[in-house]
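**Q** Prediction below, plus the sequence it came from.
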Amino acid sequence: MAEHVILFTGPMGAGKTTAIQSLSEIEVVRTEASNSERHIVDKATTTVALDYGEILIGAQEKVRLYGIPGQKRFNFMWSILQRRAKGMVLLVNSDAPDPIGEMIFYLDEFRDLYDRGGVVVGVTRADVVDGPELTAYSDALERTNPGLVIPVFTVDPREREQMQNVLLALVVNIEMRLAFGMATAARTV
Amino acid sequence: MTTDVDRIEAVPAPPMDFPVTVGWTQAAMAVSSVLSLNTPVHLRMDIEMHGSLLIDFRHHAFSWSTPLEYFPVDAVHTGLSTIPTTADAPPYFELPGQDLDGLLWEMGINSFGGGPAFWLSPGERYRLTRWPNLTRHSHNMRQVQMIAVLGNAYVSTAELAAFAGVDESEAQRLINALSLMRILTRSAAEPAVEVAPPTAAAKRSSLFGRLRKRLGR
């Protein structure tokens, strides 16, 4: 069976579990436990291993959706998972003290996927706080990886259609980067 | 001494001086001119059956009683006027208003009849500088695919249409919109990227195509 692994990363409280619930066709396997870092994000529980959901495409192909714990002490898992991943949805919450800094932190941690162009950034809670403009995220991306145009959208992880848009944009951008990025690179060598 | 309200009411030309136009081409040209010149003005458009559309460029916002979901493609414009302002003047309307990008997307898609916008030149290739915020704009998956192409290579309108398998006018409408939103770079010097349009077999092997079909999009 063909499988495509998509990671959902980002800081605790950004909406990763909710996003997978919006997309998954199966009941999401959740591994939440009491949040021991309520001084950082005030929510009762948080993901401590992986969330898992999936979308079946025909009988022989599926998209596996993995939510990765946002707490940085779990980062030993991140390098293992990104080797298997086709792409990554990075969610950052606009009401964090430094959402752009958080975005850069996770892109550095997942640099391999980032350099492959396999990333979409979703900014959550943009409608409830007056956080940075989307152009500020794009400008920061341009500074860290010039010439690589990564999609950045505001998203509500509860909205299935929005999360489908995010997933489809991620997949098509990866395919076009493979088709055109490689051709451009070959021409400039 | 005049207040800002006095100024707004005094400056617009009488509606009878404005040639009534149908559609969004003239509006797009006016917006493009203001953005290109970086002129400190507001813009007001009077639209039959849809009231006044106000644009505050400094705050990248607009105010309009018509929701963009009901964007009137064949709007009848009865007035278009610029209102001078200054960097420290109060906003044209109560903020936050609506994000101007959403209006520019609709305006660009629905102007110039599928031909090139007047500010574009023959022989140019285009590349995206940032993605539009698609969760806030109505769009289809052909447009998403074309945006992804533009994010990864300089292409002409004809090349974009060929790769995406759409009419050139559909690709041109997208180019017009992204250009009006000022998120495209243009170059007449960039050579063609040697990538053949996808074959039927390649389309079948595309996860995007299969996932799109699976999700009914």
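**A** Good, I have the coordinates.

**Q** Can you show me the strands along chain B?
**A** B:21-22, B:41-47, B:51-56, B:61-63, B:76-84, B:98-99, B:125-128, B:184-187 (DSSP state E).

**Q** which parts of chain A sit against chain B?
**A** With Cβ under 8 Å from any Cβ of the partner chain as the criterion, chain A comes near chain B at residues A:4, A:55-58, A:61, A:63, A:86, A:117, A:134-135, A:138, A:142, A:149-156, A:162, A:164-169, A:171-173, A:175-177, A:179-181, A:183-184, A:187. (C-beta placed from N, C-alpha, C; glycine too.)

**Q** what about the strands in chain A?
**A** A:2-9, A:32-34, A:45-47, A:51-56, A:61-67, A:85-93, A:119-124, A:152-155.

**Q** And chain B, split by domain according to the record?
**A** Here the domain parsing of chain B from automatic domain parsing is B:4-110, B:119-214.

**Q** for chain A, what are the nearby residues on chain B?
**A** B:128-131, B:133-136, B:141, B:144-145, B:148-149, B:151-153, B:191, B:193-195, B:198, B:206-208, B:210-212, B:214-215, B:217.

**Q** Quick one: residues contacting the most centrally placed residue in chain A.
**A** Centroid check for chain A by Cα atoms, centre = their mean gives A:Val89 as the closest residue, at 1.9 Å. A:Val89 is in contact with A:Ile6, A:Leu7, A:Phe8, A:Thr9, A:Ala19, A:Val119, A:Val120, A:Gly122, A:Val166, A:Leu167, A:Leu170, counting by Cβ atoms under 8 Å, 6 or more residues apart in numbering or on different chains.

**Q** make it 6 Å
**A** A:Phe8, A:Val120, A:Val166 (Cβ atoms under 6 Å, 6 or more residues apart in numbering or on different chains).

**Q** If you average pLDDT per helix and strand, which one of chain A comes out bottom?
**A** Least confident helix or strand, chain A: helix A:182-188 with a mean of 52, by mean pLDDT, DSSP states H and E.

**Q** Derive a PyMOL selection command for the buried subset of the residues of chain A next to chain B.
**A** Selecting only the buried entries of the residues of chain A next to chain B in PyMOL, with 16 or more other Cβ atoms under 10 Å in any protein chain shown as the criterion:
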select buried, chain A and resi 4+55+57+61+63+86+117+134+138+149+150+151+152+153+154+155+156+162+164+165+166+167+168+169+171+172+173+175+176+177+179+180+181+183+184
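
**Q** Looking at chain A, which helix is longest?
**A** Longest helix of chain A, by residue count under DSSP state H: helix A:160-176.

**Q** quick one: contacts of that one?
**A** For helix A:160-176, contacts defined as Cβ under 6 Å, 6+ apart pick out A:19, A:22-23, A:87, A:89, A:118, A:120, A:122, A:151, A:155-156, B:134-135, B:144-145, B:148-149, B:152, B:207-208, B:211, B:215.

**Q** What angle do strand A:2-9 and that helix make with each other?
**A** Angle of helix A:160-176 versus strand A:2-9, following axes from the mean of the first three to the mean of the last three Cα atoms, to 10 degrees, is 110 degrees.

**Q** before we move on, back to that, mark which of the residues of chain B next to chain A are buried, thanks.
**A** Here, 16+ other Cβ under 10 Å leaves B:128-131, B:133-136, B:141, B:144-145, B:148-149, B:151-153, B:193, B:195, B:198, B:206-208, B:210-212, B:214-215 buried among these.

**Q** which ones among those residues are found in helices?
**A** Using DSSP H, B:141, B:144-145, B:148-149, B:151-152, B:207-208, B:210-212, B:214 are the members of these that sit in helices.

**Q** Throw those residues into CSV and include distance to B:Ala158 and pLDDT, thanks.
**A** Listed next are these as CSV, based on distance: Cβ to Cβ, whole Å; pLDDT from 0 to 100:
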residue, distance to B:Ala158, pLDDT
B:Met141, 21, 94
B:Val144, 20, 97
B:Gln145, 16, 96
B:Ala148, 18, 96
B:Val149, 13, 95
B:Gly151, 18, 95
B:Asn152, 17, 93
B:Leu207, 27, 93
B:Phe208, 22, 94
B:Arg210, 28, 93
B:Leu211, 28, 95
B:Arg212, 24, 93
B:Arg214, 31, 93
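
**Q** Hmm, B:Leu80 is touching B:Arg44, no?
**A** No - judged on Cβ atoms under 6 Å, B:Leu80 makes no contact with B:Arg44 at a distance of 7.3 Å.

**Q** on that earlier part again, a markdown table please, covering the strands of chain B and showing mean pLDDT.
**A** Compiled in a markdown table, the strands of chain B are given as follows (pLDDT from 0 to 100):
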| stretch | mean pLDDT |
| --- | --- |
| strand B:21-22 | 88 |
| strand B:41-47 | 94 |
| strand B:51-56 | 96 |
| strand B:61-63 | 96 |
| strand B:76-84 | 91 |
| strand B:98-99 | 94 |
| strand B:125-128 | 96 |
| strand B:184-187 | 94 |
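
**Q** Tell me which of the ones you listed sits nearest to A:Asn93.
**A** strand B:98-99 (19.3 Å; Cβ to Cβ).

**Q** Partner strands of the closest one, with direction?
**A** Strands that pair with strand B:98-99, judged by DSSP bridges, come out as strand B:61-63 (antiparallel).

**Q** Spit out the contact partners of B:Trp64.
**A** B:Leu53.

**Q** how far away is it from B:Ser179?
**A** 22 Å (Cβ to Cβ, to the nearest Å).

**Q** Cool, thanks, talk later.
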